[in-house]
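*Asks:* quick one: sequence and predicted model below, then my questions.
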Amino acid sequence: MLSVGKTLNARPGQGNRECSLEDGAATYFSMVGGLLGNKALHLLRGGVMNFAGFLADQCRSRSVATALSVALCLGVLSGCSGPSEQQEQVLRIVARGVAGDRWIATLPKAGPLAMRWVPPTRFVMGSPLQEQGRLVDEPQHLVQLTSGFLIAETELTQGQWLALMETNSSPIQGMDLPVTQVSWEQAREFCRRLTLQQKDEGHLPKGWVWDLPTEAQWELACRAGSPAAYAGELDSLAWHAGNSGGKVHPVGQREANGLGIRDMHGNVAEWCVTWFFSYPTNIPVFVDPLGPIWSFAPTYRGGGFKSAPAACRSAARAAGVPGEVPNETLGFRLALRFRRETM
């Protein structure tokens with residue numbers, strides 16, 4: 001079982017403080033601010049954080065990550081309020097590198113959004129031949145993700161959706177219910193708007209974007225270290241056809257997996273950014289799979305409240321037309337990850 005880390009909050013003064021050197025860093029920046037002025041101090045902090053974020057994302061060694069964590073505490077983490085507070089929280093999560101670390105983001109007009117850190121790793125993607133309900137498009141293969149990412153603890157709610165979007169097409173409405181009947185293009189437009197807004201407000205470290213998870217990122221987060229068909233006992237983890245009563249449920253009611261993430265199995269299926277493609281079986285390790293630039297349809301994962309248990313498996317795959325509004329069992333969850341190109 002993966003150990004779950006501590007909680008960091010995007011708002012100053014909340015949650016656990018992760019670094020014993022932070023008080024010293026606050027004093028350090030107070031002194032520098034007195035010499036340089038607040039404007040110069042803000043520019044210094046921003047430049048250091050952007051460089052540190054890039055280095056932290058590239059770290060492959062725990063010792064390097066630990067050294068970077070100390071460097072961040074000494075030179076970056078002042079603990080002061082302002083537009084860079086969320087940047088600091090993200091970079092601190094990256095530097096710690098602890099699977100399941102919890103970070104509380106603040107969405108505009110929608111309040112807090114809990115995120116969980118998934119560090120870079122290798123894992124076996126797909127399903128074994130003997131897995132019940134397995135389909136032919138799930139051959140097992142070794143995948144390496146070279147960058148970690150943050151993924152939402154729950155599916156995006158209708159309340160969070162309406163903070164940025166004009167209409168809510170969900171047939172059963174409620175602010176704590178997952179948003180549904182959202183096309184892939186609409187889901188990506190939400191991510192694009194959120195990214196642009198938080199960049200303009202100075203809340204995102206350079207190179208980080210909100211988006212849908214890739215298919216590999218989604219499966220890694222869903223498995224939470226488990227090679228089995230589900231990350232635990234299905235009825236405890238998921239709303240599916242056998243226990244949902246034929247209706248969608250508020251997010252976060254089922255048990256969390258080993259990373260602290262909820263509703264990966266069932267309730268509503270979730271769009272991934274990756275277009276559907278056949279898994280490779282002729283290479284030793286598939287590194288950072290993004291899929292093709294375009295294929296017949298993007299993928300979605302996890303199954304929904306009307307799905308049979310087999311469709312809720314960690315390895316189960318499905319695909320849908322990107323611009324077509326799907327049915328009431330399809331929504332999405334947010335991911336925050338480092339990406340050099342802009343949206």
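*Replies:* On my side now, so go ahead. Residues are numbered from 1 along each chain as shown.

*Asks:* a helix runs through Trp222, doesn't it?
*Replies:* Just so we're on the same page, residue 222 is Cys rather than Trp. Yes: Cys222: assigned to a helix according to DSSP: H, G, I helix; E, B strand; the rest coil.

*Asks:* would you map out the domains in the chain?
*Replies:* 1-98, 99-338 (automatic domain parsing).

*Asks:* now do the longest one, average pLDDT.
*Replies:* Pointing back at domain 99-338 there. Confidence over domain 99-338 (mean pLDDT, whole number) is 95.

*Asks:* picking up where we left off before, export the domains of the chain to a markdown table and tack on mean neighbour count?
*Replies:* (Each C-beta comes from the backbone N, C-alpha and C, glycine too.) Formatted as a markdown table, these follow (neighbours: other CB atoms under 10 Å):
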| stretch | mean neighbour count |
| --- | --- |
| domain 1-98 | 17 |
| domain 99-338 | 19 |
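
*Asks:* mind checking pLDDT for Asn38?
*Replies:* pLDDT, Asn38: 43.

*Asks:* which residues of the protein fall in strands?
*Replies:* For the chain, applying DSSP state E gives strands covering 7-9, 102-107, 111-118, 121-125, 141-145, 149-152, 208-211, 269-275, 286-287, 298-301, 318-319, 330-331, 335-338.

*Asks:* what packs against the fourth one?
*Replies:* Using 3 or more CB pairs under 8 Å, 6 or more residues apart in numbering; DSSP states H and E as the contact criterion, the elements in contact with strand 121-125 are strand 141-145, helix 215-223.

*Asks:* give me that answer again for 6 Å
*Replies:* For strand 121-125, the packing partners by 3 or more CB pairs under 6 Å, 6 or more residues apart in numbering; DSSP states H and E come out as strand 141-145.

*Asks:* what's in contact with the strand it packs on?
*Replies:* Identification of contacts with strand 141-145 by CB atoms under 6 Å, 6 or more residues apart in numbering yields 120, 122-126, 216, 279, 285-287.

*Asks:* what angle do strand 111-118 and that strand make with each other?
*Replies:* 120 degrees (axes from the mean of the first three to the mean of the last three CA atoms, to 10 degrees).

*Asks:* strand 141-145 pairs with which strands, and in what direction?
*Replies:* Paired strands of strand 141-145, with direction, are strand 121-125 (antiparallel), strand 286-287 (parallel) (DSSP bridges).

*Asks:* the most centrally placed residue in the chain pairs with what?
*Replies:* The chain has Ile151 as the residue nearest its centroid, 1.5 Å off, counting by CA atoms, centre = their mean. In this entry, Ile151 is beta-bridged to Arg116, Ala335, by DSSP bridges.

*Asks:* can you give me the helices for the protein?
*Replies:* 22-36, 38-58, 62-75, 85-96, 158-162, 184-200, 215-223, 234-237 (DSSP state H).

*Asks:* with adjacent residues omitted, what lies nearest to Gly207?
*Replies:* Phe338 (5.2 Å; CB to CB, 6 or more residues apart in numbering).

*Asks:* distance of the one you found relative to Asn327?
*Replies:* Computed as CB to CB, to the nearest Å, the Phe338 to Asn327 distance reads 33 Å.

*Asks:* Leu177 now?
*Replies:* When distance is defined by CB to CB, Leu177 is 15 Å away from Asn327.

*Asks:* then Met115?
*Replies:* Separation of Met115 from Asn327 (CB to CB) stands at 27 Å.
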